[in-house]
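Engineer: Here is my input; please provide its structure:
(chains A and B)
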Amino acid sequence: MKIIAKTLVGALALTTALAAPLKADPTAEVLHYWTSGGEAQAVKALQEAFLARGGSWVDAPVAGGGGDAQAAVLRARVLAGDPPAAVQIKGPNIQEWADAGALGDLSAVAEAQNWDDVLPAAIQDIVKYEGNYVAVPVNVHRVDWIWANPEVLAQVGATVPTTWDEFNETADKLLAAGIIPLAHGGQPWQDATVFETVVLGIGGVDFYRKALVDLDMEALGSDTMVAVFDQMRKMRGYVDPDFPGRDWNLATAMVMRGEAAMQIMGDWAKGEFAAAGMVPGVDYVCASTPSDNGYLLNSDSFAMFNVSGDDNVEGQALLAELILGTEFQETFNLLKGSIPARTDVPRGEFDECAIKSMDDMVAAAEGDTLLGSMAHEIAQAGAVRGAFIDVATAHFNSDMSSQDAVSQLVDAIKLAQ
Amino acid sequence: MTRPPFSLTDRIARLLPQIVVAPGFAAILFFVYGFIIWTGYISLTNSKMLPNYSLIGFRPYERLFQMDRWSVALENLFVFGVLFILAAIVIGCLLAVLLDQKIRAEGFIRTIYLYPMAISFIITGTAWKWIMNPSLGLETVVRGWGWESFSFGWTNDSTLAVYALVMAAVWQSAGFVMALFLSALRSVDQDIIKAASLDGASPWKIYIRIILPSMRPVFMSAIVILSHLAIKSFDLVVALTGGGPGYASTLPANFMYEMTFRRNEIGVGAASAMVMLATVAAIMVPYLYSELRGKKHG
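Structural biologist: A predicted model of the protein is given here:
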């Protein structure tokens, strides 16, 4: 058996040596869950760029479950000592894998490409471990958006609200006119998405940071949090009775068809409007949810795992360079509907909403109001995120009082830590 | 006198049954019981994202039972399990008795009732989700007929969602229970029935006093099959309610999946799996015990 294996390895080495006598062959295996629509096209763009630079791309897509299936594959591969070069993971999960000693160091590429100068500090924090880059950000999705149908709002003489009081006022008017004010899908992550925008809006940037990022127990149990749940209770009255279980894109369609006035959702919703041939600023309006210049970001990234062999190391470095390169950041994000993670990408091709998002991100980075999303696994992941989502969704889908919700939240977060 | 020597072929022939069964036996030993032991061990560790092998005692179980989501899941399992098993048996039994009345086109009707069993729970769940959707399904239809106060939005109501699960599961399984009972009804000794009716017993009495009691083993198998269906129910919840509204209709299997694969809480996930195993054992062990003892005596 051993002899056969040795002969095989020898033969393989010989053929490789014959085929490419001088040049190394940068190879990278990429594990990702972008398998449909614009996302699949976006990955293909990366693959083409990688091949154009002489690399060999080993594609390892794992469809389904929003990454759950991929996580299982990744765990098994790492435990077996055979990790892929690049894996699509994000937020605190990057830190967890780095803690486990599984991630490589990208300092050399980062220095050569001046990553420190082109990435906002808040994004650097996500992809760095102990000061070194271990992952590469691909894009930024903004979470705190209101997608509104201007015609429907005009029916009650309103525009997109800029404060939560105004939001409630407009919503009451819409209700009175028999229009659904808020298109919403009652899935836990969607409830949590609305919840975090309300935390940011009612509590402010500092409160968001204390409560959702630093998990400060005082902030979590404070009267401000009670006010947040009070607002959530009001929002519950603004959704239609059929909301439980509805997918987010169906809620977006309600806004498009004029059945509902607004939806609070990340900017992946833009893809739905674009697919229906609608024009931003005319057929639909994108505006940030009311807050003091806060910006909730969701950023996809590729974490780079420890690989061995010159070909693999070289392939990984090339991949990292390409992912954060201006060119790929532009093509990829145009296809995916997000905005580039680096701030110096030409803006010509992007639409109105994307440009607003870019401007706001730069401003937020300067004003230190750029925050990671809790619902989308940037500020929190795993058990803590789950605890937030549980309480937000349990409150939204029952008649729990705000006081009870706050005390349940404090208990759940303590338990999850 | 010389004993005929055992030839190699003889030996192989004698050992053949063991040889054939051995790989399967070893695989089951490893993949089923081995991993049960592994899960039990992991449930006593502080495993988060990756398995971690240093023991910390029963802390994962403590955390498990402090989680509201778990109490909801466990409570739902009891409500769902009891109602599902009872309703499926009562309806299945009733259907079997009615079909047993030598009616016309029995084969055709039997097939119709048995058919839902051929559908996976995902399809059943999706179909019932549409039926129970207030603006798509039955509610709109009935209101359209003029019954304005009719309400059937069970999946959208936290307190009713678990009953929606029961309804869909019973719809799927009652036909199967019917088939079980029907074959048992047919195997009851006709002479006893004839004797009873000669003695003047009414058909109703014959069923209650003679036929159903003689079917006790079938009741037992039905309960065992249905209870393990109930405990491992996962796909029906995913398709019908998604565990919602909120997590009001989540079941332990969904909880285990959520913790282990989504929340980096492998320890707590393993603990919940062990509790589920204990629940199954609580039902299966007494059953196996009584069955095996019965065989010895009989």
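
Engineer: and B:Thr250, helix, strand or coil?
Structural biologist: coil (DSSP: H, G, I helix; E, B strand; the rest coil).

Engineer: Test for you: state the pLDDT assigned to it.
Structural biologist: Reading off the confidence values, B:Thr250 has pLDDT 92.

Engineer: In chain A, mark out all the strands, start to finish.
Structural biologist: Along chain A, the segments classed as strands by DSSP state E run A:27-32, A:56-61, A:86-88, A:128-129, A:132-133, A:135-137, A:141-142, A:145-148, A:180-183, A:260-264, A:285-288, A:295-298, A:301-304, A:370-372.

Engineer: out of those, which comes closest to chain B?
Structural biologist: With CB to the nearest CB, the closest approach to chain B among these belongs to strand A:180-183: 11.5 Å. For the C-beta atoms, the positions are set from N, CA and C on the backbone; glycine is no exception.

Engineer: For B:Ala105, the count of nearby residues, please.
Structural biologist: 9 (other CB atoms under 10 Å in any protein chain shown).

Engineer: Residues of the stretch 251-400 of chain A that sit close to chain B?
Structural biologist: A:Ala381, A:Gly382, A:Ala383, A:Arg385, A:Gly386, A:Asp390, A:Thr393, A:Ala394, A:Phe396, A:Asn397, A:Ser398 (CB under 8 Å from any CB of the partner chain).

Engineer: among these, which are in helices?
Structural biologist: A:Gly382, A:Ala383, A:Arg385, A:Gly386, A:Asp390, A:Thr393, A:Ala394, A:Phe396 (DSSP state H).

Engineer: spatially speaking, which residue is in the middle of the chain?
Structural biologist: Since no chain was named, I'll use chain A. A:Asn298 (3.0 Å; CA atoms, centre = their mean).

Engineer: please go with chain B instead
Structural biologist: Closest-to-mean residue, chain B, CA atoms, centre = their mean: B:Leu229 / 1.6 Å.

Engineer: got the residues of chain B near chain A?
Structural biologist: Within reach of chain A by CB under 8 Å from any CB, chain B has these residues: B:48-51, B:63, B:66-69, B:129, B:133-135, B:153, B:155-156, B:158, B:241-248, B:258-259, B:261-265.

Engineer: Quick check on the residues you listed: which are buried?
Structural biologist: B:48-49, B:63, B:67-69, B:129, B:133-134, B:153, B:155-156, B:158, B:241-248, B:258-259, B:261-265 (16 or more other CB atoms under 10 Å in any protein chain shown).

Engineer: Make a markdown table out of the strands of chain A and add mean pLDDT.
Structural biologist: Below are those laid out as a markdown table (pLDDT from 0 to 100):
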| stretch | mean pLDDT |
| --- | --- |
| strand A:27-32 | 90 |
| strand A:56-61 | 89 |
| strand A:86-88 | 91 |
| strand A:128-129 | 92 |
| strand A:132-133 | 92 |
| strand A:135-137 | 94 |
| strand A:141-142 | 94 |
| strand A:145-148 | 94 |
| strand A:180-183 | 95 |
| strand A:260-264 | 95 |
| strand A:285-288 | 93 |
| strand A:295-298 | 94 |
| strand A:301-304 | 92 |
| strand A:370-372 | 93 |
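
Engineer: B:Leu165 versus B:Gly125, what's the distance?
Structural biologist: 9 Å (CB to CB, to the nearest Å).

Engineer: Need the overlap of contacts for those two.
Structural biologist: B:Leu236, B:Val237, B:Leu240 (CB atoms under 8 Å, 6 or more residues apart in numbering or on different chains).

Engineer: Just among those, which is most surrounded?
Structural biologist: In terms of neighbours by other CB under 10 Å, the shared contacts of B:Gly125 and B:Leu165 top out with B:Leu240 at 28 neighbours.
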